[in-house]
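**Q** predicted structure and sequence below. I'll ask about it afterward.
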Amino acid sequence: MTQRTVYQVVVAALRSVLHLLFMTVTVVPWALVVLITSPFLSAQQVYWLCVGWLHVAVRSGSFILGIENRVTGLEHLPQAANGQAILLVKHQSTWETFCMPTLMPHPLAYVFKRELLFVPFFGWAMARMDMIHIDRRKRSQAFAKVVEQGRRLLAQGTWVIMFPEGTRIPRGEVGVYKTGGTKLAVQTGAPVIPVAVTSAKCWPRKALIKYPGVVDFAIGPPIPSVGREPGELMQEVETWIEQKMRELDPEAYGDAGR
């Protein structure tokens with residue numbers, strides 16, 4: 001891994017605190033606007049209003065932290081207005097959670113744990129969005145909700161986004177790829193689109209200090225789900241993502257790739 005000087009770490013720490021303060025200060029009024037106006041707006045208008053704050057967070061990440069995004073594979077996304085997609089994304093940090101809605105031309109619906117709804121202001125605004133929040137303690141009921149709401153959202157042109165590893169994975173490591181996303185794909189017939197992300201190079205998992213650099217978002221070709229088995233389909237997704245991760249960030253996988 002890259003060795004950093006004390007000076008670089010101190011500067012990065014100061015910039016990280018500044019960025020955190022900036023996001024905290026801006027999310028409060030933005031969330032209040034969402035809470036006040038959402039009863040009078042359509043679901044899509046609420047979505048893009050919330051994505052407006054994400055644009056602010058990402059652009060401030062570029063300006064304050066020095067993090068830049070490099071996106072490849074946009075041509076693999078559905079081009080039709082009503083095209084369906086289930087995005088299965090490598091999860092290394094909060095950065096891709098913020099970035100993905102700002103990079104996609106269509107509204108996204110995250111599948112996320114309901115506890116996030118109780119985060120002051122940020123979670124309250126999320127609760128006004130048409131997304132899929134689940135109680136992970138009730139697994140069978142949770143998946144039934146994912147299928148029911150996922151089918152409805154896909155039918156209206158919203159793409160569903162999931163992190164198949166379920167949690168943020170340290171740089172250079174591979175989590176357990178769970179089949180919830182591919183089960184939804186098989187039941188709805190929507191193609192899955194794998195996405196590799198190298199965010200941990202700049203924004204390490206659960207770290208206060210973030211570092212300048214380039215984060216790659218590599219979007220893979222759509223994989224048909226019709227007639228597939230969820231486990232076998234997820235294996236194909238995992239293979240594509242993890243091979244692409246080694247191409248994009250070979251330094252992190254130096255030992256694993258031997």
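**A** Nice, thanks for sending it over. Numbers count the residues shown, from 1 in each chain.

**Q** okay, CA-based contacts and neighbour counts for the rest of this
**A** Noted.

**Q** so what does the helix or strand containing residue 194 touch, helix or strand wise?
**A** Taking DSSP states H and E as the definition, one finds residue 194 inside strand 192-197. Strand 192-197 sits against strand 86-89, strand 213-219, helix 230-248, with contacts defined as 3 or more Cα pairs under 8 Å, 6 or more residues apart in numbering; DSSP states H and E.

**Q** of those, which is nearest residue 154?
**A** With distances scored as Cα to Cα, the stretch of the helices and strands packed on strand 192-197 nearest to residue 154 is strand 86-89 (8.5 Å).

**Q** tell me which helix or strand comes right after that closest one.
**A** From strand 86-89, the next helix or strand downstream (DSSP H and E) is helix 95-103.

**Q** I'd like the average pLDDT over that following helix.
**A** What helix 95-103 shows for mean pLDDT is 96.

**Q** counting by contacts, list what that helix packs against.
**A** Using 3+ Cα pairs under 8 Å, 6+ apart, helix 95-103 sits against helix 43-60.

**Q** so where's the stretch 101-250 of the chain uncertain?
**A** Counting by pLDDT under 70, the ranges of the stretch 101-250 of the chain that qualify are 136, 138-140.

**Q** what about the helices in it?
**A** 122-126, 139-155, 180-188, 230-248 (DSSP state H, counting those that start in this stretch).

**Q** quick one: closest of those to residue 11.
**A** helix 230-248 (26.1 Å).

**Q** which helices and strands does the closest one pack with?
**A** helix 180-188, strand 192-197.

**Q** could I get those as TSV with distance to residue 85?
**A** Output for the helices and strands packed on helix 230-248, formatted as TSV (distance: least, Cα to Cα, whole Å):
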stretch	distance to residue 85
helix 180-188	9
strand 192-197	6
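
**Q** buried deepest among the ones you listed, which one?
**A** strand 192-197 (a mean of 25; mean count of other Cα atoms under 10 Å).

**Q** go ahead and name everything in contact with that one.
**A** Residues outside strand 192-197 that contact it (Cα atoms under 8 Å, 6 or more residues apart in numbering) are 77, 85-92, 96, 182, 185, 215-225, 237, 240-242, 244-245.

**Q** I'd like to know which of the helices and strands packed on helix 230-248 lies nearest to residue 73.
**A** Nearest of the helices and strands packed on helix 230-248 (Cα to Cα): strand 192-197, 9.1 Å.

**Q** got the angle for the closest one vs helix 95-103?
**A** Orientation of strand 192-197 against helix 95-103 (axes from the mean of the first three to the mean of the last three Cα atoms, to 10 degrees) gives an angle of 120 degrees.

**Q** and strand 192-197, how far from the chain's centre?
**A** Centroid displacement of strand 192-197 relative to its chain, using Cα atoms, centre = their mean, to the nearest Å, is 10 Å.

**Q** can you dump the C-alpha atoms of it in CSV for me?
**A** Output in CSV follows, covering the C-alpha atoms of strand 192-197 (Å, rounded to 0.1, in the frame of the first residue of the first chain):
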residue,chain,number,x,y,z
VAL,A,192,-28.0,-7.2,-13.6
ILE,A,193,-25.2,-4.7,-14.1
PRO,A,194,-22.0,-5.3,-12.1
VAL,A,195,-20.0,-2.2,-11.0
ALA,A,196,-16.5,-2.2,-9.6
VAL,A,197,-15.4,0.7,-7.4
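
**Q** kind regards, and thank you for your time.
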